[in-house]
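S.K.: From the sequence below, what's the structure:
(one chain, ligands or ions: 1)
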Amino acid sequence: MDSKPDTFYAATAAPRAARPRLTLDVDTGVCVVGGGLAGLWIARALVKRGQDVVVLEAGRIGGGASGRSGGFCSAGFAQELGAIVARVGYHHARALYQLSREGVDHVRALIAEGSPGLDPVAGRLSVLRRDDESGIKRAADDLAEYFDHVMVVWPTERVRATLKTERYYQALHDADALSVNPLNLALALAAEVESGGGRIYEESAAIAADLDGVRKWVATGGARVRAHQIVFCGNAAIGPAFPELARCILPVATHIGVTAPLGDKLKEAIGYSGGISDTRRAFDYYRIVGDRLLWGGSMTTRLQRPRRLERSFAREILRIYPQLEGVSVEYAWTGVMGYAVHRMPQIGMLRPGVWIASAFGGQGINTTAMAGDLISSAIAENDDRWRLFIPFGLVWAGGALGRAAARVIYWSAAVRDWIDEKRAKRNERRRKEAADRAAEQARIERLSPAKSVETGAAAAEARKE
Ligand SMILES: Cc1cc2nc3c(=O)[nH]c(=O)nc-3n(C[C@H](O)[C@H](O)[C@H](O)COP(=O)(O)OP(=O)(O)OC[C@H]3O[C@@H](n4cnc5c(N)ncnc54)[C@H](O)[C@@H]3O)c2cc1C
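M.R.: From the prediction side, this is the model:
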């Protein structure tokens, strides 16, 4: 008997083709290693540009981070915009940001083709868990002025009227963003690769490669693919096929839970159908899927699935929405993201005929689509826009020490979030107490005219004296 799929997406996936293992040597123009969103966007864009493509996938299509993600698709990168500007300057950062927006457009265009099960929903709300009206307005103004991206600030009252929780203050609404079923997105891309003449082999892990000759090869346990160009898109699992790349990726685990159906009380609590996330360093992100709630959060360099993940998600949901009392989490899973030290994707040519597209971190839906366009147009048309990513090259991720450092950074971020939130709640309580005191004083004065007259008379007497 089949066991229950570990992700909600796998349990509800669109029909998928059976794909063979690689058992015989094949020749091709481009071999793409990795059948996640990065590899598939690249392969699809290459076949559309008339290239002969073979994709090797170690497991099943979308079985890595891509088919396990939150499905939020919005502009930007895993690295903050301010840090990108600090590293490469404003004009360069602006060009990168525009490319990341084009990534969102590629996803939207694919959705418009009508593949099954993509379930797109427009919009994203980034909510503050501390009161900072001027800060959020400044952020919106800067985005509009310097990056031409208009987002709308929602005041606290509107946020709380929409999301019925006292935890949130103001929010930034991004109407350009969307969310999508990420596994079905990967399956739709794979179907297009094949209908365009590309070949995909599943359960065919690349375990070795010779990248020196004009004609290169990649070997699986069973056979070899010989190709002029090889694109490595294996994310954090790339391993011995390309150790040079594996050393530069820090694997970071994150988790998602999907509740059992919640009925009407879900939409009473959450009156917004797009993606919602908070802006803490260690943030929660969630969205409604049907009548269930999909909830993601927490990052760690410990890659195993935590025990009692379902229960910890239920607790976290109730911390924000206590009215969902009785919520149970039916699916909970862990996925591994790949991060570079600079938190930007590694995209481009390492040496003639050897390409990489990896380290998309927690912002892979738009950026993998963008990488598909950049790498395929570079291979097929000598487009050199990928060079914008040269400042974000391969940097050693620090091995075990790097993983320990990342853990410490995440913990201290979570502690700073906690302090900020406590401070915001204390300030809100003090403001409310002051307002209550002022209202009480006004009430006393209204209800005690005699006392006011007396006080007035006494003051007049005092003035005479
Ligand atoms: C829980 C979770 C939530 C996320 N939420 C979001 C979100 O809401 N929005 C967003 O934008 N991003 C999100 N992300 C990040 C996003 O999913 C990733 O950045 C993106 O999917 C990376 O795509 P990829 O193709 O590089 O990697 P993967 O999807 O991991 O694909 C790599 C593939 O390569 C294969 N492979 C590896 N080595 C080999 C080899 N040697 N030979 C053959 N095949 C190999 C793997 O089996 C795998 O299928 C999330 C990630 C996780 C884990």
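
S.K.: Break down the stretch 101-250 of the chain into its strands, ranges please.
M.R.: 121-127, 152-154, 171-179, 199-201, 208-210, 216-219, 224-232, 250-259 (DSSP state E, counting those that start in this stretch).

S.K.: ugh, wrong one, I meant the stretch 301-450 of the chain
M.R.: Applying DSSP E, counting those that start in this stretch to the stretch 301-450 of the chain gives strands spanning 329-339, 346-351, 354-358.

S.K.: how distant is the last one from the center of its chain?
M.R.: Averaging C-alpha coordinates over strand 354-358 and over its chain gives two centres that are 20 Å apart (CA atoms, centre = their mean, to the nearest Å).

S.K.: I'd like to know which elements that strand is packed against.
M.R.: The contact analysis (3 or more CB pairs under 8 Å, 6 or more residues apart in numbering; DSSP states H and E) places strand 354-358 against helix 37-48, strand 224-232, strand 346-351, helix 365-381. Placement of C-beta: from N, CA and C, glycine included.

S.K.: Buried deepest among those, which one?
M.R.: Mean neighbours per residue, mean count of other CB atoms under 10 Å, is largest over the helices and strands packed on strand 354-358 for helix 37-48, with a mean of 28.

S.K.: Please write out the alpha-carbon positions of the helix or strand immediately after it in the chain in CSV.
M.R.: Elements were assigned by DSSP states H and E; along the chain past helix 37-48, the next helix or strand is strand 53-56. The C-alpha trace of strand 53-56 is given here as CSV (Å, rounded to 0.1, in the frame of the first residue of the first chain):
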residue,chain,number,x,y,z
VAL,A,53,18.4,19.5,-24.2
VAL,A,54,18.7,16.6,-21.8
VAL,A,55,17.7,17.1,-18.1
LEU,A,56,19.1,14.7,-15.5
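
S.K.: Report the mean per-residue pLDDT for strand 53-56.
M.R.: Strand 53-56 carries an average pLDDT of 98.

S.K.: For that strand, which strands pair with it and how are they oriented?
M.R.: Strand pairing for strand 53-56, using DSSP bridges, gives strand 26-33 (parallel), strand 199-201 (parallel).

S.K.: Taking the stretch 301-450 of the chain, what residue is nearest to the ligand?
M.R.: Going by CB to the nearest ligand atom, the ligand is nearest to G364 of the stretch 301-450 of the chain, at 2.0 Å.

S.K.: Excluding sequence neighbours, find me the nearest residue to that residue.
M.R.: L37 (6.1 Å; CB to CB, 6 or more residues apart in numbering).

S.K.: what does L189 give?
M.R.: Closest residue to L189 apart from its sequence neighbours, by CB to CB, 6+ apart: L40 at 3.8 Å.

S.K.: hang on, that neighbour packs against G196?
M.R.: No - applying CB atoms under 8 Å as the test, L40 and G196 come out as separate, 11.7 Å apart.

S.K.: give the contact list for Y97.
M.R.: A75, G76, L81, I84, F147, H149 (CB atoms under 8 Å, 6 or more residues apart in numbering).

S.K.: how deep is the closest residue to the last one other than its chain neighbours tucked in, by neighbour count?
M.R.: Closest residue to H149 in three dimensions, ignoring its sequence neighbours and counting by CB to CB, 6+ apart: L143, at 4.8 Å. Applying other CB atoms under 10 Å, we find 19 residues neighbouring L143.

S.K.: contacting residues around L143?
M.R.: H149, V150, M151.

S.K.: if we can go back for a sec, can I get the helices and strands packed on strand 354-358 in a markdown table with distance to A14 and mean pLDDT?
M.R.: Shown next, in a markdown table, are the helices and strands packed on strand 354-358 (distance: least, CB to CB, whole Å; pLDDT from 0 to 100):
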| stretch | distance to A14 | mean pLDDT |
| --- | --- | --- |
| helix 37-48 | 14 | 98 |
| strand 224-232 | 26 | 97 |
| strand 346-351 | 28 | 92 |
| helix 365-381 | 17 | 98 |
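
S.K.: can you put the ones you listed in JSON lines and add distance to L324?
M.R.: What follows is the helices and strands packed on strand 354-358, written out as JSON lines (distance: least, CB to CB, whole Å):
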{"stretch": "helix 37-48", "distance to L324": "31"}
{"stretch": "strand 224-232", "distance to L324": "43"}
{"stretch": "strand 346-351", "distance to L324": "40"}
{"stretch": "helix 365-381", "distance to L324": "27"}
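
S.K.: Could you check how far P251 is from G297?
M.R.: 18 Å (CB to CB, to the nearest Å).

S.K.: circling back: could you rank the contacts of L143 by neighbour count and give me the top one?
M.R.: Counting by other CB under 10 Å, top hit in those: M151 with 23 neighbours.

S.K.: In terms of distance to the ligand, which of the contacts of Y97 ranks first?
M.R.: Closest to the ligand, out of all of the contacts of Y97 and judged by CB to the nearest ligand atom, is G76, at 9.2 Å.

S.K.: isn't the closest one right up against Q98?
M.R.: No - under the criterion of CB under 8 Å, G76 makes no contact with Q98, lying 11.1 Å away.

S.K.: When these two are compared, which one has more neighbours?
M.R.: G76 (22 against 14).

S.K.: Surely that one is in a strand?
M.R.: No - counting by DSSP: H, G, I helix; E, B strand; the rest coil, G76 falls outside a strand, being coil.

S.K.: wait, what's in contact with it?
M.R.: Neighbouring residues of G76 by CB under 8 Å, 6+ apart: Y97, S100, Q363, N366.

S.K.: Which pLDDT does the model give the residue lying closest to E166 once chain neighbours are set aside?
M.R.: Distances taken as CB to CB, 6+ apart put R160 closest to E166, at 7.1 Å, once the chain neighbours are dropped. Listed pLDDT for R160 reads 98.

S.K.: Now R16: closest residue in space that isn't a chain neighbour?
M.R.: The shortest distance from R16 to any non-neighbouring residue, by CB to CB, 6+ apart, is to L187 (5.4 Å).

S.K.: for A175, same thing?
M.R.: Using CB to CB, 6+ apart and skipping residues adjacent in sequence, the residue nearest A175 is G123, 5.7 Å away.
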